[in-house]
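**Q** Just need the structure, nothing else, for what follows:
(2 chains)
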Number of protein chains: 2
Amino acid sequence: MKRRDFVKKLGAGALVAGSVATAGCSGQQQVAKSGGASSAKSYRWKIVTTWPKNFPGMGTAVNKLVALIDQMSAGRLKIDVFGAGELVPAFEVFDAVSSGTAEMGHGAAYYWKGKSEAAQFFSTVPFGLTAQEMNAWLYYGGGMELWQELYQPFGLIPVAAGNTGVQMGGWFNKEINSPADLEGLKMRIPGLGGEVLRRLGGTPVNLPGGEIFTSLQSGTIDATEWVGPYNDLAFGLHKAAKYYYSPGWHEPGTTLECIINQKAFAELPADLQAIVTNACKAINVDLLSEFTARNNAALHKLLTEHKVELRSFPEDVLKELRRVADKVVAELADRDPMAKRIFTSFHKFREQVAAWDNISERAYLNTRI
Amino acid sequence: MKRRDFVKKLGAGALVAGSVATAGCSGQQQVAKSGGASSAKSYRWKIVTTWPKNFPGMGTAVNKLVALIDQMSAGRLKIDVFGAGELVPAFEVFDAVSSGTAEMGHGAAYYWKGKSEAAQFFSTVPFGLTAQEMNAWLYYGGGMELWQELYQPFGLIPVAAGNTGVQMGGWFNKEINSPADLEGLKMRIPGLGGEVLRRLGGTPVNLPGGEIFTSLQSGTIDATEWVGPYNDLAFGLHKAAKYYYSPGWHEPGTTLECIINQKAFAELPADLQAIVTNACKAINVDLLSEFTARNNAALHKLLTEHKVELRSFPEDVLKELRRVADKVVAELADRDPMAKRIFTSFHKFREQVAAWDNISERAYLNTRI
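**A** This next block holds a predicted model:
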């Protein structure tokens, strides 16, 4: 379905309680309806997700989110969780919430690049922002307002609801000692990261999760990225690959999102609206904390019990990846005027926050070597 | 007032909704009362803070916190904000909430080292955890349970409610080129950081905020630490010092806290309990995001408009500071059995999370130089 069809189908939708809606693609300024006062009225919603039900981290965070909303609303808003494929397939989550089949969805914005390539900025882009920087851009750098504006024509309200932190570079059966080793490399790496690899002579392959292990073991692919130690250990990738490379230059802090159907949101009283968006905010920091704590324990296990060989990408490889990634990401700005505005905001914020992190987070972490 | 008096005065207090209370110092296991169901009953609370009212960052976050609770509770829980000195002085916040003069307080745990030196682990310690790591330890590393146990005998429930991120090393009128330059250095630096300086031959000075500027300008002190660019720019310290040093080894990610009177909390219905603790969680990530975004803009201003000379502590200075800091922090474990348990948990988590961050956050941030 095209974007303009959504614009026609959906009227003015309330954005986050208390905020003023930004202009949609139609160019009209709309003022947010703030829902009515509290009432005893109960609601039953559905949330569809891009993860298998109870998937460690991403999936379990959704369970926590709905429990939190249940608790804070004293049971006035109950939400049933549907894993990928249970109500709709993973990649139809966006359309399902947009059309109102479900009131909420949980996933990551880069899955919706078919709707708008600029959506990728709201999950992660190669050599983009860390988790802490993403939150700073979204909450205090103008990012959230642009995200709301981007999803507005689709009848959706986006909310940040989780972050993986810096991911791993991936599992390799070939050593990467110089940029030349990327040439001919067959790697399962989707999206912009894959495009960067392609321009450096590699062959990005797109495989669903279920086929990765066998492909890696049989040599059909030389390498694959996945998430980080916590998810990777459970997936068993260490049994099919020799080397575990860091850092995850292609996903330095992936924001997970909740998307909420505008019409359903507008029907909630103001207190439930605030409960929904702030439960997402609590889960945002909670999931990042879970990954930070559990990645570290899983890494320990991978290194000591499974004798995984940990490698770092050489400096000249990272430099080449960065040089090409900056081009690939900048090209997104040329897609349309909205993509241009998002890229401009993101890029400016990244430059400034990098200057600060250089003397704070980076300088501090380097005292630990 | 001594800890045992609190134990006598306070009965079983509900901890965070849905959790089981840990053993208090009395050694008794207590099961949390989860408040009743939702009701139309209204509550009016007071929150006392260790910051001046509307203080940028820390103070304004408290205003946001009470607005959030008001919104999510549909006005059933209204909280009046009192800045430092308005109802009680800053350093009496802990006692005021403990005794029930106010139902809530906002500050930082290291202010209460007079009650228990181990409290400092729940704000920050020299060469301790970054903001992201603190949240991981608190939410998923056992830190929160220990914090609840530590405050339980005082009739208080602690909740993380903000983080400054890595602070700056401070404002100096003397260059620090080697560890020898710390000898004789008169620096305003309180707490454990001050003790580290003292052991390296310096003279830590304790000055209230209002006297720092004049003391620095007149040469009574050679240096001072404060917070970071956002707060420092507003404070005007760049007009009284030559050099701005990084990183803030003594405060690598200071957690700010809400303390809640147990009895007042137990009287709330379960939905309001969940709203209070999760509003704190939302503010936790919100304030860190604000500092991350604004520090960076303020730093830019300090460097370009005010021509501040930015310096990094030399590697051998940081090494010496770290060597001594590790001793000073480890000594806390010898105070009492509870301090020992807290130190042991903190120390183990720091070792493991550092191994993970070394190949994730640190490795990624280093690709940016």
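
**Q** Using the record's assignment, carve chain A into domains.
**A** As given by automatic domain parsing, the domain ranges for chain A are A:3-34+A:42-164+A:254-293, A:170-246+A:312-333.

**Q** what's the span of the last one from first residue to last?
**A** For domain A:170-246+A:312-333, the first and last residues are 28 Å from each other (C-alpha to C-alpha, to the nearest Å).

**Q** now the domains of chain A in CSV, with mean neighbour count?
**A** The way it works is simple: take the backbone N, C-alpha and C, and place the C-beta from them, glycine included. Below are these laid out as CSV (neighbours: other C-beta atoms under 10 Å in any protein chain shown):
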stretch, mean neighbour count
domain A:3-34+A:42-164+A:254-293, 22
domain A:170-246+A:312-333, 18
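
**Q** May I see those organised as TSV, with distance to chain B added?
**A** Below are these laid out as TSV (distance: least, C-beta to the nearest C-beta, whole Å):
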stretch	distance to chain B
domain A:3-34+A:42-164+A:254-293	3
domain A:170-246+A:312-333	4
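
**Q** Worst mean pLDDT among those domains?
**A** Among the domains of chain A, domain A:3-34+A:42-164+A:254-293 has the lowest mean pLDDT, at a mean of 87.

**Q** Please, where are all the strands along chain A?
**A** For chain A, applying DSSP state E gives strands covering A:43-49, A:77-82, A:104-107, A:156-163, A:170-172, A:186-188, A:203-205, A:223-224, A:243-246, A:255-261, A:309-312.

**Q** Out of those strands, which gets nearest to A:F346?
**A** Evaluated with C-beta to C-beta, the strands of chain A place strand A:255-261 nearest to A:F346, the distance being 12.1 Å.

**Q** CA atoms of stretch A:77-85 as CSV?
**A** Output of stretch A:77-85 as CSV, limited to C-alpha atoms (Å, rounded to 0.1, in the frame of the first residue of the first chain):
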residue,chain,number,x,y,z
LEU,A,77,-5.8,-1.9,29.6
LYS,A,78,-5.1,-5.6,29.0
ILE,A,79,-2.9,-6.4,26.0
ASP,A,80,-2.6,-9.9,24.4
VAL,A,81,0.9,-10.7,22.9
PHE,A,82,1.2,-12.3,19.5
GLY,A,83,4.6,-13.6,18.4
ALA,A,84,5.8,-13.5,14.8
GLY,A,85,3.5,-15.5,12.6
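
**Q** so A:E257 touches A:T124, yeah?
**A** No. With contacts counted by C-beta atoms under 8 Å, A:E257 stays clear of A:T124, the gap being 11.4 Å.

**Q** What are the phi and psi values at the spatially closest residue to A:K46 that is not a sequence neighbour?
**A** With C-beta to C-beta, 6 or more residues apart in numbering or on different chains as the criterion, A:K46 has its nearest non-adjacent residue at 4.1 Å, and that residue is A:A102. Dihedral angles of A:A102 (phi, psi; degrees, to the nearest 10) stand at phi -130, psi 150.

**Q** Tell me where the stretch 251-369 of chain A has helices.
**A** Ranges of helices in the stretch 251-369 of chain A, per DSSP state H, counting those that start in this stretch, are A:262-267, A:270-304, A:315-331, A:337-359, A:361-366.

**Q** Tell me which residues touch A:N261, please.
**A** Neighbouring residues of A:N261 by C-beta atoms under 8 Å, 6 or more residues apart in numbering or on different chains: A:V97, A:S98, A:G100, A:A102, A:E103, A:M104, A:G155, A:L156, A:I157.

**Q** List just the nearest of those residues to A:T60.
**A** For those, the nearest to A:T60 is A:M104 (16.5 Å; C-beta to C-beta).

**Q** Give the closest residue to that closest one in space, chain neighbours not counted.
**A** By the measure of C-beta to C-beta, 6+ apart, the closest residue to A:M104 outside its immediate chain neighbours is A:I47, 4.1 Å from it.

**Q** Okay, and the beta partners of that neighbour?
**A** On the basis of DSSP bridges, A:I47 takes part in beta bridges with A:V81, A:M104.

**Q** Return the residues in contact with it.
**A** The contact partners of A:I47, by C-beta under 8 Å, 6+ apart, come to A:62, A:65-66, A:79-82, A:102-106, A:258.

**Q** at 10 Å what do you get?
**A** Contacts for A:I47 were tallied using C-beta atoms under 10 Å, 6 or more residues apart in numbering or on different chains; they are A:62-63, A:65-66, A:69, A:79-82, A:87, A:93, A:97, A:102-106, A:258-260.

**Q** Run through the helices of the stretch 1-150 of chain A in chain order.
**A** Under DSSP H, counting those that start in this stretch, the stretch 1-150 of chain A gives helices at A:3-9, A:58-72, A:93-99, A:131-140, A:143-151.

**Q** so how many other residues sit close to A:I342?
**A** Per other C-beta atoms under 10 Å in any protein chain shown, the neighbour tally for A:I342 reads 27.

**Q** how much space between the closest residue in space to it that isn't next to it in sequence and A:P179?
**A** Of all residues not flanking A:I342 in the chain, A:A118 sits nearest, at 4.7 Å (C-beta to C-beta, 6+ apart). According to C-beta to C-beta, to the nearest Å, A:A118 and A:P179 sit 29 Å apart.

**Q** Same check on A:V317?
**A** For A:V317, the distance to A:P179 equals 5 Å [C-beta to C-beta].

**Q** Next, show the common contact partners of those two.
**A** In contact with both A:V317 and A:P179: A:L200, using C-beta under 10 Å, 6+ apart.

**Q** rewinding a little: output the helices of the stretch 251-369 of chain A in CSV; the columns should cover distance to B:V285.
**A** Shown next, in CSV, are the helices of the stretch 251-369 of chain A (distance: least, C-beta to C-beta, whole Å):
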stretch, distance to B:V285
helix A:262-267, 21
helix A:270-304, 4
helix A:315-331, 25
helix A:337-359, 16
helix A:361-366, 16
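
**Q** Which one, of these, ends up nearest to A:L207?
**A** The minimum distance between A:L207 and the helices of the stretch 251-369 of chain A falls on helix A:315-331, with 20.9 Å, by C-beta to C-beta.

**Q** While we're on A:N366, how confident is the model there?
**A** On the pLDDT scale, A:N366 gets 96.

**Q** Quick one: neighbours of it, just the number.
**A** Neighbour number of A:N366 under other C-beta under 10 Å is 16.

**Q** who's in contact with it?
**A** Per C-beta under 10 Å, 6+ apart, neighbours of A:N366: B:P247, B:S312, B:E315, B:L318, B:N358, B:R362, B:L365, B:N366.

**Q** And stretch A:166-181, end to end?
**A** Per C-alpha to C-alpha, stretch A:166-181 runs 23 Å from first to last residue.

**Q** Figure out how far that stretch is from the centre of its chain.
**A** Using C-alpha atoms, centre = their mean, to the nearest Å, the mean C-alpha position of stretch A:166-181 is found 22 Å from that of the whole chain.

**Q** same deal with stretch A:315-323?
**A** For stretch A:315-323, the distance to the chain centre is 23 Å (C-alpha atoms, centre = their mean).

**Q** what's the answer for stretch A:202-211, then?
**A** That offset, for stretch A:202-211, works out to 19 Å (C-alpha atoms, centre = their mean).

**Q** Sounds good, over and out.
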